[in-house]
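Engineer: A structural model of the following input is requested.
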Amino acid sequence: MSGHSKFANIKHKKEKNDAAKGKVFTRLGREIAVAVKAGGPDPASNGKLRDVIAKAKASNMPNDTIDRSIKKAAGDANGVNYEHIQYEGYGPCGTAIIVDVLTDNKNRAAANVRSAFKKGDGNMGTTGCVSFMFDEKGLIVIDKEDCPMEEDDIMMIAIDAGAEDFAAEEECYEITTDPADFSAVREAIEAEGLNMVTAEITMIPQTYSELSSEEDIKKMNKILEILEEDDDVQNVWHNWDE
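Structural biologist: Numbers count the residues shown, from 1 in each chain. Below is the predicted model:
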């Protein structure tokens, strides 16, 4: 993992998201609602909710907004039921894209995702067509500038808690875990009071693709921008080396 830092992409995504925090918080609110519906409103007994709360905090979602989202979900037994779906497809030059969706209308979601691929001269594929090119991992990123602890100490905490890999990049520390061990590692880092730039289960490409043509880059950005604007889309993962 240490050969390709995810920090630049995460920072870039966060900067873009800062201009649209309302949309980001709406997406996180959906994840909170799904977690509460599945395991109840108490984070102490709902590991999935604890993970979503950590992800929300890493995205600078205020605590009172998180609390309101939990209370709203807990008191809304007849609320919207969201379905989790993943779509896969290809961007320019065969770049691999996975689209993670939470939706109350899968026909609308499928049509919108297919349209996004088409407008960027890509195409939506079948389930499994590109996901084999990614590894599902827990990813925790800590900004070096915002970290008071020594590198060796953080590494030992992460490894002792079950992390698979620890990488010291130029600007950050990146910790990767098996999805099953993610919560334990995240909680160990959180217990030390360390701020996390990101803390979530993600899809990490096994290899990366480069786009050399300005036209192809424009098409790829078109796909990603349309997907980012879609309210049903929670995450977009790809192997384009930006």
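
Engineer: for the longest strand seen in the chain, which strands pair with it and how are they oriented?
Structural biologist: In the chain, taking DSSP state E as the definition, the longest strand is strand 134-143. Strand 134-143 sits in its sheet next to strand 172-177 (antiparallel), strand 198-205 (antiparallel), going by DSSP bridges.

Engineer: mind putting those into TSV with distance to Pro43?
Structural biologist: Any C-beta I mention is one placed from the backbone N, CA and C, and that applies to glycine too. TSV is the format used below for the strands paired with strand 134-143 (distance: least, Cβ to Cβ, whole Å):
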stretch	distance to Pro43
strand 172-177	19
strand 198-205	14
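
Engineer: now the longest strand of the chain: buried residues?
Structural biologist: 134, 137-143 (16 or more other Cβ atoms under 10 Å).

Engineer: how close does Ser115 get to Asp146?
Structural biologist: Going from Ser115 to Asp146 by Cβ to Cβ, to the nearest Å gives 39 Å.

Engineer: need the buried residues of strand 134-143 in TSV with pLDDT and distance to His84, can you?
Structural biologist: As requested, those are exported to TSV (pLDDT from 0 to 100; distance: Cβ to Cβ, whole Å):
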residue	pLDDT	distance to His84
Phe134	96	17
Lys137	95	18
Gly138	95	18
Leu139	95	19
Ile140	95	22
Val141	94	24
Ile142	93	28
Asp143	91	30
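
Engineer: can I get those residues in CSV including distance to Val101?
Structural biologist: Shown next, in CSV, are the buried residues of strand 134-143 (distance: Cβ to Cβ, whole Å):
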residue, distance to Val101
Phe134, 16
Lys137, 20
Gly138, 21
Leu139, 20
Ile140, 24
Val141, 24
Ile142, 29
Asp143, 29
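
Engineer: okay, and the helix or strand of the protein with the least pLDDT?
Structural biologist: Least confident helix or strand of the chain, by mean pLDDT, DSSP states H and E, is helix 7-18 with a mean of 52.

Engineer: give the next helix or strand downstream of that one.
Structural biologist: helix 21-39 (DSSP states H and E).

Engineer: pLDDT weak spots in this protein?
Structural biologist: The chain contains residues with pLDDT under 70 at 1-21, 77-78.

Engineer: residues in contact with the longest strand of the chain?
Structural biologist: Residues from elsewhere that reach strand 134-143, judged by Cβ atoms under 8 Å, 6 or more residues apart in numbering: 1, 6-7, 10, 96, 98, 154, 158, 164, 171-179, 181-182, 185-186, 189, 194-206, 237, 239.
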